[in-house]
Every structure is written in structure tokens, then in C-alpha cells.
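Participant: only geometry, no sequence info:
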Ligand SMILES: NC(=O)C1=CN([C@@H]2O[C@H](COP(=O)(O)OP(=O)(O)OC[C@H]3O[C@@H](n4cnc5c(N)ncnc54)[C@H](O)[C@@H]3O)[C@@H](O)[C@H]2O)C=CC1
Ligand SMILES: NCC(=O)COP(=O)(O)O
């Protein structure tokens with residue numbers, strides 16, 4: 001890890017304590033990383049030491065006071081803003097009692113970004129089910145949690161990976177909701193908002209001057225002229241026409257089954273999928289373990305891994321840290337591309 005006292009501070013949240021997040025964060029701190037950065041994990045220091053030890057890492061955890069500057073450290077050291085687990089955690093065994101700990105780490109990291117103490121936050125996976133079982137009914141993920149914490153109306157989930165020489169970016173019009181609710185959720189207002197945010201943040205955080213976004217239809221063959229569904233005619237086409245009049249480069253709706261072929265991807269800065277499992281299987285097929293999840297529309301920079309808590313691998317040392325590296329790379333690129341606040 002290359003750290004300099006003037007390098008950006010990145011707040012890391014290890015996520016679900018029973019999952020692979022804590023050990024991946026420990027590995028990140030111990031593996032060589034060339035870009036200048038100062039990492040600080042928002043976590044239980046005992047958990048971080050114990051998970052590092054369990055996978056054979058000699059990690060030195062340095063506990064910081066809340067107002068103490070994040071120091072420049074070397075490989076094998078990790079600065080931590082300490083938060084206590086509610087109960088000790090065993091790798092692979094969920095305990096909903098620790099859900100409030102998980103949410104507290106997210107709040108602290110987000111507030112550090114909002115106050116300028118950190119330049120960005122990078123999140124390891126949380127377990128949505130455990131958080132809901134703890135009583136946070138309706139909890140659907142970091143994306144919506146950070147939307148509410150930051151008081152913004154809408155955010156956009158986008159995952160990105162490398163595809164040969166170019167980037168494959170897949171954004172979602174809807175995120176974590178049952179499939180049968182997707183059609184109703186896809187209102188003209190939502191779609192317009194999502195496309196405006198996507199356009200805005202591709203410019204703001206990725207330095208793309210005139211982003212070209214290709215938009216999937218919802219139905220097979222993009223509705224087959226209304227014979228296989230009307231959402232294209234009633235919602236998607238009118239919104240795209242309106243946005244083109246405003247100067248946005250948006251194309252579609254295109255049949256989703258062929259939109260992800262090389263010919264159709266060429267030249268597109270992002271693809272907008274209508275729902276989670278229309279876009280993400282393609283992205284993960286192309287780059288699982290080498291992709292990052294980015295929340296657009298927030299007043300802070302947040303990236304995350306492309307995978308979940310992998311309870312089956314927790315504590316084994318076999319989880320692939322690749323996506324966490326990509327999420328960190330992506331956060332730093334966004335910090336450098338973004339206008340100073
Ligand atoms: N950013 C986040 O907070 C995310 C959280 N989740 C949550 O994770 C929980 C479990 O979700 P699942 O659908 O089971 O997905 P999962 O990604 O945890 O596991 C799916 C499969 O991929 C493997 N896998 C996952 N990460 C891996 C890694 N780094 N290296 C090697 N293999 C890996 C697992 O062993 C498993 O076989 C759910 O509660 C879900 O909501 C899922 C995706 C993202
Ligand atoms: N499939 C992506 C995912 O579940 C991540 O959600 P979030 O916790 O980043 O909102």
C-alpha cells in the first residue's frame with residue numbers, strides 16, 4: 001500500500017461481520033497497491049485483527065480517535081475508526097443483533113465523506129436479510145440507505161467493468177424490488193430522473209463530455225410494437241424523446257437480448273437496464289470479480305464490490321479480493337475526475 005500524508009482518505013466499511021468483507025479489507029491493507037491513498041476502515045478493531053489472523057495475515061490495526069488525522073501507513077497496517085460489534089461475530093454465521101453495528105459503520109463513513117474528512121467511501125457487502133430480520137423492515141441495500149441518509153430523492157445503481165479496451169457500464173432503472181413490481185415502478189418521472197442523473201454523473205465523475213446511453217426495453221423484443229407489452233410505447237419512448245429534445249444522447253428502447261452484443265455496445269458510455277437481473281447477469285458474466293458497483297446521484301462518492309457476503313467462504317481465505325481492488329481504483333479515479341467541492 002502506498003500512502004502519503006496528502007493522499008486522499010478513503011473510508012472502508014467491511015460490511016456484514018460474518019461475511020467475507022472484513023478479511024477482504026484486511027487483505028487490501030496487506031497487499032501491494034501502487035496508487036497514493038490513505039485507508040481507514042470503519043470497523044470493530046478486534047474483528048479486524050481476528051479475521052486477519054484467521055487467514056494468516058499479520059495485520060497491525062491502528063485505532064484512531066474521531067478527530068485524529070488519518071496517517072500515512074505502509075503495507076500490513078490498517079487505520080481504524082473503532083465501532084464496537086454488539087456481539088462477537090463468527091465467520092459464516094449471521095447474527096442480526098449486529099445489524100445496527102453495520103448501519104452505524106455506514107453512517108460514519110458517509111458523514112466523513114459529507115464533512116470532507118474522507119474523499120470517498122468504499123463498501124464491502126452487507127447482508128440485507130440480516131438487517132431486515134433485525135427490524136429494519138423495508139431495508140433494500142446501501143444504495144437506498146445512502147439515498148435516504150443524504151436526503152436525495154433518487155439515486156442510480158451502476159456497475160462497471162473492463163471489456164477489452166473499453167468500459168462496460170450497466171445502470172439500473174429499478175433496483176431491489178420484486179419482479180412483479182417492476183412495471184408499476186417504471187414511471188415516466190422515475191425514468192427521466194434516472195437518465196438525467198446518469199448523464200450528469202457520467203460527466204461529473206467520469207469526465208465524459210457527451211455521454212451516449214443506450215436504453216433497454218422492458219419486454220421481449222422491446223415490446224414487439226405493443227404486441228408483447230406497452231411499457232415501451234407508454235413510458236420509455238416518450239421519455240427518451242423528451243430527453244433528446246433537452247440535448248441528452250439517449251437511444252432506444254432496444255431489445256435487451258441483443259443490446260449487450262459487441263456491435264450494439266460499441267460507442268455506448270452506459271447501458272440502462274430496466275431491472276436488476278436484466279443488466280447485472282451480463283455485467284457479472286463479463287467481469288465478476290473485476291467489476292465495481294457505483295452509486296450515482298449522491299453528494300458523495302461511493303463505490304462497492306460486485307459480490308455479496310459469500311458466507312460459504314468467510315474465514316477460509318479463499319474469497320477473491322479482485323472486486324474490492326477495482327472498487328478502490330474506481331473511487332480514486334472518481335475522486336480525481338470530480339470537480340473539487
Ligand atoms: N454490495 C453489497 O452489499 C452486496 C450484498 N449482497 C448480499 O449478499 C448476500 C448474499 O448474496 P448472494 O446472492 O448469495 O451472492 P454472493 O455474491 O454472496 O455469492 C454468490 C456466489 O459467489 C461466490 N462469491 C461471492 N463473492 C466471492 C468472492 N469475492 N470470491 C469468490 N467467490 C465469491 C459465493 O461463494 C457464492 O458461491 C445477500 O444478502 C445479498 O443481498 C449481494 C450483492 C452485493
Ligand atoms: N446486486 C447489487 C447489490 O445488491 C448491491 O446493493 P447495494 O447494497 O450496493 O445497494
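Facilitator: Perfect, I can see it now. All figures in this text were calculated on a predicted structure; none of them were measured in a lab. Ligands and ions are numbered 1, 2, ... in the order given.
Participant: can you pull out the strands in the stretch 151-300 of the chain?
Facilitator: Using DSSP state E, counting those that start in this stretch, the strands of the stretch 151-300 of the chain run over 156-163, 166-172, 212-216, 249-254, 270-273, 291-296.
Participant: Could you say which of these is packed most deeply?
Facilitator: Among the strands of the stretch 151-300 of the chain, strand 270-273 has the highest mean neighbour count (mean count of other C-beta atoms under 10 Å), at a mean of 26. Placement of C-beta: from N, CA and C, glycine included.
Participant: Which helix in this structure has the most residues?
Facilitator: Looking across the chain with DSSP state H, the single longest helix is helix 188-206.
Participant: Over to residue 255: give its phi and psi.
Facilitator: phi -60, psi 130 (degrees, to the nearest 10).
Participant: Surely it touches residue 224?
Facilitator: No. If you go by C-beta atoms under 8 Å, residue 255 and residue 224 don't touch, sitting 9.1 Å apart.
Participant: Pull out the buried residues from the longest helix of the chain.
Facilitator: By neighbour count with 16 or more other C-beta atoms under 10 Å, helix 188-206 contains the buried residues 191-199, 201-202, 205-206.
Participant: list the contacts for the closest residue to ligand 2 within the stretch 151-300 of the chain?
Facilitator: Closest contact between the stretch 151-300 of the chain and ligand 2, by C-beta to the nearest ligand atom, is at residue 293 (5.1 Å). Going by C-beta atoms under 8 Å, 6 or more residues apart in numbering, residue 293 touches 157-159, 303-306, 327.
Participant: does the nearest residue to it once chain neighbours are set aside sit in a helix or strand, and which one?
Facilitator: If the residues on either side of it in the chain are set aside, residue 293 comes closest to residue 304, at 4.2 Å by C-beta to C-beta, 6 or more residues apart in numbering. Under the criterion of DSSP states H and E, residue 304 resides in strand 302-305.
Participant: what's the answer for residue 12, then?
Facilitator: strand 9-13.
Participant: can you give me how far the helix or strand following that strand is from the chain middle?
Facilitator: Using DSSP H and E, the helix or strand that follows strand 9-13 towards the C-terminus is helix 21-30. Relative to the chain's own centre, helix 21-30 is displaced by 17 Å; criterion: C-alpha atoms, centre = their mean, to the nearest Å.
Participant: Can you give me the separation between the residue of the stretch 151-300 of the chain closest to ligand 2 and ligand 1?
Facilitator: For residue 293, the distance to ligand 1 equals 6 Å [C-beta to the nearest ligand atom, to the nearest Å].
Participant: Then residue 9?
Facilitator: 21 Å.
Participant: close to ligand 2, is whichever strand or helix holds residue 106?
Facilitator: According to DSSP H and E, residue 106 maps onto helix 99-115. No. Contact of helix 99-115 with ligand 2 (C-beta under 6 Å from any ligand atom) is absent, the minimum separation being 9.6 Å.
Participant: In its sheet, which strands sit next to the helix or strand following that helix, and in what direction?
Facilitator: For helix 99-115, the following helix or strand on the C-terminal side (DSSP H and E) is strand 120-123. Here strand 120-123 is paired, per DSSP bridges, with strand 9-13 (parallel), strand 302-305 (parallel).
Participant: do you know which of those lies nearest residue 286?
Facilitator: Nearest to residue 286, of all these, is strand 302-305, at 15.8 Å by C-beta to C-beta.
Participant: Now do the same for the closest one: mean pLDDT, whole number.
Facilitator: In this model, strand 302-305 carries a mean pLDDT of 98.
Participant: Same question for stretch 76-93.
Facilitator: For stretch 76-93, mean pLDDT is 97.
Participant: which residues are in contact with stretch 175-193?
Facilitator: The contact list for stretch 175-193, computed with C-beta under 8 Å, 6+ apart, reads 128, 140-141, 143-144, 153-154, 157, 173-174, 218, 231, 235-236, 238-239, 242-243, 274-277.
Participant: Which segments of this protein make up each domain?
Facilitator: As given by the TED database, the domain ranges for the chain are 9-152+298-337, 156-284.
Participant: which of these sits most buried?
Facilitator: Of the domains of the chain, domain 9-152+298-337 is the most buried (mean count of other C-beta under 10 Å), at a mean of 20.
Participant: Quote the end-to-end distance of that domain.
Facilitator: Distance between the two ends of domain 9-152+298-337: 16 Å, counting by C-alpha to C-alpha, to the nearest Å.
Participant: Find the nearest non-adjacent residue to the closest residue to ligand 2 within the stretch 1-150 of the chain, please.
Facilitator: Here the stretch 1-150 of the chain gets closest to ligand 2 at one residue, residue 141, 2.7 Å apart by C-beta to the nearest ligand atom. Leaving aside its chain neighbours, residue 141 sits nearest to residue 176 (5.4 Å; criterion: C-beta to C-beta, 6+ apart).
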